[in-house]
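Colleague: Could you work out the structure for the sequence below:
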Amino acid sequence: MIVLGAHGPGKHVGALARSVAAHSPCPVVILHHSPKHQIPATGPVVLGINDATTSAPTVEAAFEEASLRCVDLVVIHRWSTDATEACDDSVLEWALELEEYTALSEELKPWQQRFPSVTVRLGAVRTSARRALVEAASDAQLVVVGRRDTTWLGALRPTTATALLRRLECPLMIVHHS
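Modeller: Purely as a prediction, here's the structure:
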């Protein structure tokens, strides 16, 4: 694990921190120095994932951090489906959201068995994952997200990890996975 400091969110995140976060094969934690933001001692660890099975290193890191800190794990998962995009049926949307929660809960079950002391709170959202993670981070000790692409071109594309690097005041852990 690499731990780097930054002078607050936004443009103050240095080129070194951005580059290491974009290319490191091991987890990178960015600690923002912000006098106005205090890390809450009882705040949760927040995990942003697309799919718990393909994001296994990210999920494992988040569960480990929540377990070490003896706090809850808030899992934010963005979902969408063409069925709800084309339809304004609130019952259908509710049913699909329930299905998404159920599937996410099943994907996380092995991790919950491995870390039984961690209480998991699920948040499946249809809005922007970045916005949901920023909102959840307001009282978090740590936000954990994954990063897939380590190529030069991949590092140039805007990702959730790079957007959060610029917006969060709490510590951010970026975990590489294939």
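Colleague: show me where this protein has strands.
Modeller: Taking DSSP state E as the criterion, the chain contains strands spanning 2-6, 28-32, 45-49, 73-78, 120-125, 142-147, 172-176.
Colleague: Which of those strands has the highest mean neighbour count?
Modeller: Mean neighbours per residue, mean count of other Cβ atoms under 10 Å, is largest over the strands of the chain for strand 45-49, with a mean of 28. Where C-beta positions appear, they are placed from N, C-alpha and C, glycine not excepted.
Colleague: what helices or strands is it leaning on?
Modeller: Using 3 or more Cβ pairs under 8 Å, 6 or more residues apart in numbering; DSSP states H and E as the contact definition, the elements that strand 45-49 packs against are helix 56-69, strand 73-78, helix 129-136, strand 142-147.
Colleague: what's in contact with the first one?
Modeller: Same thing as helix 56-69. The set of residues that contact helix 56-69 without belonging to it, under Cβ atoms under 8 Å, 6 or more residues apart in numbering, is 27, 44-45, 47, 49, 52, 72-73, 75, 108, 111, 114-115, 117-118, 141-142, 144-146, 173, 175-177.
Colleague: ok, now with 6 Å
Modeller: Helix 56-69 is contacted by residues 27, 45, 47, 52, 73, 111, 115, 117-118, 142, 144, 146, 175, 177 when judged by Cβ atoms under 6 Å, 6 or more residues apart in numbering.
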